[in-house]
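K.L.:
no sequence for this one, just the structure:
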Ligand SMILES: [Zn+2]
């Protein structure tokens, strides 16, 4: 038997995970929305059209599995802030805002939407323990947040 080349096996792994990702995306959103009762984990906003099922670790990353435990329901602004590491979530579910933003003075979105969430626990977490964010995945993301500051 001829061994499969590392490139081929890498490509095959990529294709399989890409296919899984595509298949699981809509289902994941539904699961995350149900688990968080269609509310933003950070601010509790409850309008489905303004909410995303965010990945804790991006699905481009090997650890970024399509699982509710790698998901968070977040409003558009908190999702974007999380993805660019303006907003971090520690493994014990406390929200942190990047230092330079905390020192900035601006309108209500910055004041209430971001700065006032600093040091607060997530407002919404799934009732089922088995659906809560995986602390190890949060730790991976939190490390990136800390090094981005
Ligand atoms: Zn929010």
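P.N.:
Perfect, thanks for sending it. The structure displayed is predicted, hence computed values, not measured ones.
K.L.:
would you mark the buried spots in stretch 25-43?
P.N.:
Using 16 or more other Cβ atoms under 10 Å as the test for burial, stretch 25-43 gives 28, 29, 31, 32, 33, 35, 36, 39, 40, 41, 42, 43. Placement of C-beta: from N, CA and C, glycine included.
K.L.:
what are the phi and psi values at the nearest residue in space to residue 50 that is not next to it in sequence?
P.N.:
Distance criterion Cβ to Cβ, 6 or more residues apart in numbering; nearest residue to residue 50, sequence neighbours excluded, is residue 75 at 5.2 Å. With angles defined as degrees, to the nearest 10, residue 75 shows backbone torsions of phi -70, psi 170.
K.L.:
list the contacts of residue 75.
P.N.:
Residues near residue 75 by Cβ atoms under 8 Å, 6 or more residues apart in numbering: 40, 42, 43, 45, 47, 50, 51, 52.
K.L.:
restrict those to those near the ion?
P.N.:
Applying Cβ under 5 Å from the ion to the contacts of residue 75, one finds that 40, 42, 43, 45 fall near the ion.
K.L.:
from the ion, how far off is the residue positioned nearest the centre of the chain?
P.N.:
The chain has residue 56 as the residue nearest its centroid, 2.9 Å off, counting by Cα atoms, centre = their mean. In this view, residue 56 and the ion are 15 Å apart by Cβ to the ion, to the nearest Å.
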